[in-house]
Each structure stands twice: as structure tokens, then as C-alpha cells.
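>>> Take this sequence and fold it.
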Amino acid sequence: MAKNIIVSIMPEETRMALIEDGDLLEVSIERTDHAHIVGNIYKGKVKNVLPGMQAVFVDIGHDKNAFLYTGDISPQELKVAGGGGTLTIGQDIIVQIIKDAIGTKGPRATTNLTVPGRYIVLMPTVDYVGISRRIDKESERERLKELAGNVRAEGTGLIVRTVAQGKAEEDLKNDAEYLYKLWHSLAARARRAQSPALLYRDVDMVIRIVRDHLTADIDQLVIDQREAYGRVCDLVKTVSPELLSKVVLYDGTEDVFNHFGIEKEIDKLGQRCIWLKCGGYIIIDKTEALTVVDVNTGKYVGDSSLEDTVFHTNLEAAAEIARQLRLRDIGGIIIIDFIDMDTDEHKKAILDALEGHLKKDRTKTNVIGLTGLGLVEMTRKKSRQNLESILYTDCPCCEGRGRVRSPETVVINIRRRLRKLKSSWQGQLALQVHPTVAAILNRSGEVALMEKEAGRKIIVEAVGSMHPEVFTILHSNE
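Next up, the predicted model:
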């Protein structure tokens with residue numbers, strides 16, 4: 001199973017794509033004009049406390065204050081607050097960003113800090129040892145838990161990452177020593193700094209790719225910029241020298257994303273409809289509150305019973321839905337309307353298949369189950385702008401509604417306006433309208449009827465640059 005990471009770097013943006021057996025599974029885009037602050041640690045100042053919302057707003061030095069739920073405030077911070085165990089306006093507080101600002105919402109923060117390394121994640125404020133849920137083998141989980149316990153400083157927490165599988169205690173020890181040194185330096189800066197202040201900036205996207213994605217099951221990490229390639233090689237030599245041969249510099253004349261067929265796949269991400277290989281299709285619609293996925297048989301008629309046709313369409317759809325959620329980085333509440341199935345056995349098989357495909361996703365997902373109406377409820381963690389919000393903006397024509405008034409509706413509005421103006425103007429009238437509206441006016445004697453009703457000549461002018469819903473009525477006294 002070929003698995004490659006492709007990295008394309010421009011001054012304006014860095015893009016990363018994960019490909020498995022020719023299928024695009026994951027895309028990340030980071031632009032220089034939109035700072036990624038997830039993982040950053042700040043010394044902030046409490047600006048507002050809202051008991052009714054169980055939330056606190058913290059000034060971190062950005063345009064928008066960070067939003068901090070009371071459930072994300074550690075007991076240590078509440079002890080520091082003293083009094084009734086609540087934060088107060090003007091109080092300094094150390095927070096880490098766990099979700100970028102999205103739309104009108106500011107970034108979300110927590111006081112449960114984490115500092116990621118190659119093999120482990122340091123949690124300096126909690127007493128805990130955890131193992132990545134993606135490590136399945138129980139004996140390996142126990143071994144790594146013991147090693148983590150050996151290198152952990154008292155009163156702190158460590159989470160062992162997936163990439164640590166098979167690694168020796170020395171590897172974890174070196175990583176832990178680096179992270180503890182980094183934390184002590186960060187804590188010293190926090191004592192000196194005036195709030196608001198940035199204490200720790202997460203590494204850039206290129207380095208995060210090595211830290212979070214480069215594992216033994218990756219065949220190649222292809223980079224199209226020499227400077228970034230050199231930085232990655234230097235890092236890999238230090239943290240995982242056995243993986244150095246997997247890092248490749250792309251020096252072709254064709255754009256690297258075009259070369260690997262990624263660009264055309266990215267272009268499809270704005271489409272609502274995704275066709276399945278069997279002939280069925282899924283529709284993905286995003287609303288303010290949730291994302292809805294609808295499954296349809298489409299052209300697929302099957303070769304046996306209707307129930308089997310439905311089941312096989314749903315089965316293929318489950319795999320594609322999991323891929324699209326990951327690829328488009330869709331988060332929040334997700335409702336899936338699979339085609340109705342009659343048997344409980346088929347319903348369970350589809351849920352099991354969906355959960356199985358979602359296990360490949362690095363982002364946390366939770367399949368809640370079927371509702372009384374047969375809809376699948378699930379959630380996927382949201383921590384950054386999804387691809388749709390990065391690549392697209394609301395249509396200036398429809399303002400994000402996805403539709404405009406029909407030409408027939410606009411014609412009726414014109415006739416209504418003409419009736420209102422009937423006695424106001426004299427002479428000839430000219431209507432400037434969008435070509436689709438002009439086509440309606442010029443057919444079936446519509447203009448003649450309007451002229452008869454208005455009692456004057458009307459000239460229709462099609463203007464391609466006009467908004468489909470807008471019209472202009474001009475009059476002449478000649």
C-alpha cells in the first residue's frame with residue numbers, strides 16, 4: 001500500500017497532501033496572511049467573565065479575545081484565583097489555543113497545556129500517563145506506559161504518540177528531556193512577561209509535517225522547495241535518521257501537485273455532489289449548525305434485490321463519506337441520511353463500516369448511532385478553518401444562499417413596479433435587465449402586454465453584467 005506525503009511551498013502558502021494508493025486522503029493549507037495559532041501558548045489577561053455562559057474572554061494580544069470555557073480551566077488556575085475559585089477581570093492567566101478563530105468567533109483556549117514532541121506530548125499541569133488510541137496491541141501499550149512512567153517527572157503528564165511504537169526508552173527519554181527543558185524556559189518567560197504576551201509559538205507547517213505525519217509507513221515525503229527540504233533533512237537526521245531516505249526533493253518543471261494529480265482533486269472539493277464508483281452518489285451540504293450528507297442510488301440498479309442494491313450503495317458511501325470528511329476537514333455535528341434499509345443486520349454493518357473507516361482519521365470522531373428516523377448522528381472535532389472556508393467565499397451574487405430569484409419572479413416584480421409608476425412618467429420606457437430576464441420578457445408577447453398596460457413603448461436591453469435579480473427602469477420624455 002503506497003502512502004506518500006506531497007508538500008508544495010510558495011511565498012503565499014504551504015500545502016500538504018496525503019495520498020494512499022493514488023487516492024487523496026488529506027489536504028492542509030496554511031497561508032502567510034492568516035496566522036495559524038493552534039498550539040501557541042500565551043500569557044493573557046482576563047477581560048470578561050460571563051457566569052451565565054460559563055465562559056471567560058482572555059486578551060492574548062490579537063484582534064479577537066480568546067474564548068475559554070470554565071470546563072477548560074485547570075484546578076491549578078482556580079487555586080491561583082483564590083476567593084470563590086473563579087477567575088476575575090484583570091487577572092493574568094496562561095492559556096493555549098486549541099481552535100483557530102473561525103468566522104466571527106474568536107480562538108478557543110484552554111489552560112490544560114500540551115507541548116508536543118516527536119514521540120511524546122508533555123502535559124506540564126496534570127499528573128497523567130496516556131497512550132495513543134491508535135496503538136492497538138495491548139502488550140505494546142503496556143510497554144510504552146512503563147517507559148513513559150520511567151521518564152516522567154513527578155506531577156506532570158505524558159502522552160505517548162503513535163510514532164513511538166517499537167522505540168526504546170532512550171528515544172523517549174531524549175524527547176522528554178527536550179520537552180521539559182522547553183517547558184522550564186517557557187515558564188521562566190511567563191514569570192517575566194507582561195500580559196498579553198506570546199510565550200510559545202508552535203513550529204511551522206513544514207516541521208509539523210515531520211513531527212505529526214512522517215512515520216515508518218510513509219513511502220515518500222516529497223518537497224518542492226530546496227530550503228525546506230534541507231530543513232526537513234536536518235530535523236529527520238536528528239529525530240528519526242532511519243527515515244531520511246524517505247525525504248525526496250522534487251525538481252520537476254511541472255507543479256508538484258499537478259504532477260501527482262492532486263490539483264484536480266482539490267478543484268472538486270467545492271462540489272456538493274460526489275459520485276460513487278457503483279453509480280450512486282452523495283450530497284454534502286453545510287449549514288451554520290451542522291453538516292448534512294445524503295446518500296442516493298443514482299444510476300446504480302444492482303443485479304439482485306432492492307435491499308442488496310441499497311446495502312451495497314450505503315457500504316460504498318460509508319467509505320467515501322469518511323474520506324470526504326477527512327479531506328474537506330469538516331467538523332462539528334454531522335448528520336448522514338443513508339438510503340433506508342429494512343434489516344437490522346444491514347444497519348449495524350453500515351455503522352460498523354463507517355466507524356472502521358473513521359479510525360484512519362487522525363482527528364477525533366464519535367459515531368453516536370441511528371436516530372428514530374434512521375439518520376446517523378456523529379461528531380468530528382473542529383480545530384481550524386476547514387478547506388471550504390479557506391478556498392471559497394460567499395458568492396457576491398446570491399450572498400451565500402446558493403440561489404437567486406427566478407427570472408419569472410423578476411418579471412413579475414417589474415410588472416408590479418410599472419403599475420406603481422404608471423402615472424408618474426411620460427414617454428418611452430427602457431428596461432435594463434439580466435439576459436435571463438430579457439429572454440422571458442422577449443418571448444410570448446410579454447413586452448406587448450406590458451406596453452398595453454403601461455400605455456407607452458417599452459424597450460428591453462439585456463445587460464450581462466447586471467445582477468440576475470436587479471432591473472433598471474429608464475424613461476424618456478421624447
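>>> chain center to stretch 404-413, what's the gap?
36 Å (C-alpha atoms, centre = their mean, to the nearest Å).
>>> Just the CA trace of that stretch, in PDB.
The C-alpha trace of stretch 404-413 is given here as PDB (Å, rounded to 0.1, in the frame of the first residue of the first chain):
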ATOM      1  CA  VAL A 404     -31.300  33.800  -6.800                       C
ATOM      2  CA  ARG A 405     -34.800  34.800  -7.600                       C
ATOM      3  CA  SER A 406     -36.100  33.100 -10.800                       C
ATOM      4  CA  PRO A 407     -36.400  35.200 -14.000                       C
ATOM      5  CA  GLU A 408     -40.100  34.700 -13.800                       C
ATOM      6  CA  THR A 409     -40.200  36.200 -10.300                       C
ATOM      7  CA  VAL A 410     -38.100  39.200 -11.500                       C
ATOM      8  CA  VAL A 411     -40.500  39.800 -14.400                       C
ATOM      9  CA  ILE A 412     -43.500  39.900 -12.000                       C
ATOM     10  CA  ASN A 413     -41.600  42.400  -9.800                       C
END
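>>> Could you report the neighbour count for Lys381?
For Lys381, the count of nearby residues is 14 (other C-beta atoms under 10 Å). Where C-beta positions appear, they are placed from N, C-alpha and C, glycine not excepted.
>>> Now do it against Leu358, distance only.
12 Å (C-beta to C-beta, to the nearest Å).
>>> list the residues that contact both of these two?
Common neighbours of Lys381 and Leu358, using C-beta atoms under 8 Å, 6 or more residues apart in numbering, are Thr365.
>>> Wait, a strand at His36?
No. The assignment for His36, made by DSSP: H, G, I helix; E, B strand; the rest coil, is coil rather than a strand.
>>> How much space separates it from Thr371?
Counting by C-beta to C-beta, the gap from His36 to Thr371 is 36 Å.
>>> Tell me which of those two has more neighbours.
Neighbours were counted for His36 and for Thr371 using other C-beta under 10 Å; His36 has more, 20 against 10.
>>> Leaving out sequence neighbours, find the closest residue to the more buried one.
Distance criterion C-beta to C-beta, 6 or more residues apart in numbering; nearest residue to His36, sequence neighbours excluded, is Glu30 at 5.4 Å.
>>> other SSEs contacting the helix or strand hosting Asp267?
According to DSSP states H and E, Asp267 maps onto helix 262-267. Using 3 or more C-beta pairs under 8 Å, 6 or more residues apart in numbering; DSSP states H and E, the elements in contact with helix 262-267 are strand 23-31.
>>> Quick check: buried residues in whichever helix or strand comes after the strand it packs on?
Next along the chain after strand 23-31, taking DSSP H and E as the criterion, comes strand 41-50. Buried residues in strand 41-50, counted by 16 or more other C-beta atoms under 10 Å: 41-46, 49.
>>> would you turn these into JSON lines with pLDDT?
Formatted as JSON lines, those follow (pLDDT from 0 to 100):
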{"residue": "Ile41", "pLDDT": "96"}
{"residue": "Tyr42", "pLDDT": "96"}
{"residue": "Lys43", "pLDDT": "95"}
{"residue": "Gly44", "pLDDT": "94"}
{"residue": "Lys45", "pLDDT": "94"}
{"residue": "Val46", "pLDDT": "93"}
{"residue": "Val49", "pLDDT": "89"}
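>>> tell me which of the residues you listed is nearest to Gln194?
Gln194 has its nearest neighbour among the buried residues of strand 41-50 in Lys43, at 8.0 Å by C-beta to C-beta.
>>> what about dumping the CA coordinates of whichever helix or strand Val437 is part of to PDB?
Element membership for Val437, per DSSP H and E: helix 435-441. Listed next in PDB are the C-alpha coordinates belonging to helix 435-441 (Å, rounded to 0.1, in the frame of the first residue of the first chain):
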ATOM      1  CA  PRO A 435     -30.100  38.400 -20.200                       C
ATOM      2  CA  THR A 436     -32.100  35.500 -18.500                       C
ATOM      3  CA  VAL A 437     -34.800  38.000 -17.600                       C
ATOM      4  CA  ALA A 438     -34.700  39.600 -21.100                       C
ATOM      5  CA  ALA A 439     -35.300  36.100 -22.600                       C
ATOM      6  CA  ILE A 440     -38.500  35.800 -20.600                       C
ATOM      7  CA  LEU A 441     -39.700  39.400 -21.500                       C
END
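>>> what's it packed up against?
helix 407-421, helix 446-454, strand 458-462.
>>> returning to what we had before: residues in contact with the residue nearest to His36?
Here Glu30 is in contact with 13-15, 36, 204-205 (criterion: C-beta under 8 Å, 6+ apart).
>>> Can you say which of these are buried?
Looks like these have 14-15, 36, 205 buried, using 16+ other C-beta under 10 Å.
>>> Identify those among the residues you listed that sit within helices.
Met205 (DSSP state H).
>>> Select from the buried ones among the contacts of Glu30 the entry with the lowest predicted confidence.
The lowest pLDDT within the buried ones among the contacts of Glu30 belongs to His36, with 81.
>>> For the closest residue to Val151 other than its chain neighbours, grab phi and psi.
Using C-beta to C-beta, 6+ apart and skipping the chain neighbours, the partner closest in space to Val151 is Ala176 (4.3 Å). The phi/psi pair for Ala176 (degrees, to the nearest 10) reads phi -60, psi -40.
>>> residues contacting His259?
250, 252.
>>> Could you tell me how far it is located from Ser304?
With C-beta to C-beta as the criterion, His259 and Ser304 are 42 Å apart.
>>> now do Arg211
For Arg211 relative to Ser304 (C-beta to C-beta), the value is 49 Å.
>>> Can you pick out the residue with more neighbours from the two?
Between Arg211 and Ser304, counting by other C-beta under 10 Å, Arg211 is the more crowded of the two (18 against 8).
>>> Grab the nearest non-local neighbour of that one.
Per C-beta to C-beta, 6+ apart, closest to Arg211 is Arg118, 6.0 Å.
>>> That neighbour: what secondary structure?
Applying three-state DSSP: Arg118 is coil.
>>> My read is that it contacts Thr162, right?
No. Using C-beta atoms under 8 Å, Arg118 is not in contact with Thr162; the gap is 11.2 Å.
>>> which residues are common contacts for the two?
With C-beta under 8 Å, 6+ apart, Arg118 and Thr162 have no common neighbours.
>>> Which of those two has more residues huddled nearby?
Arg118 (22 against 14).
>>> which residues does the more buried one contact?
For Arg118, counting by C-beta under 8 Å, 6+ apart, the contacting residues are 161, 163, 175, 211, 239-240.
>>> Now flag whichever of those residues is closest to Leu449.
Closest to Leu449, out of all of those and judged by C-beta to C-beta, is Arg211, at 70.7 Å.
>>> check which helix or strand covers that closest one.
Assigned by DSSP H and E, Arg211 falls in helix 205-212.
>>> How far away from the center of its chain is that helix?
That offset, for helix 205-212, works out to 18 Å (C-alpha atoms, centre = their mean).
>>> Can I get the very next helix or strand once past it in PDB, CA atoms only?
Using DSSP H and E, the helix or strand that follows helix 205-212 towards the C-terminus is strand 220-223. Extracted in PDB, the C-alpha atoms of strand 220-223 (Å, rounded to 0.1, in the frame of the first residue of the first chain):
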ATOM      1  CA  GLN A 220       8.000   9.200   0.500                       C
ATOM      2  CA  LEU A 221       7.900  12.700   1.800                       C
ATOM      3  CA  VAL A 222       8.200  14.800  -1.400                       C
ATOM      4  CA  ILE A 223       9.100  18.500  -1.100                       C
END
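>>> mind giving me the domain ranges of the chain?
For the chain, the structural domains run 1-34+203-267, 40-112, 271-391, 407-476, going by the TED database.
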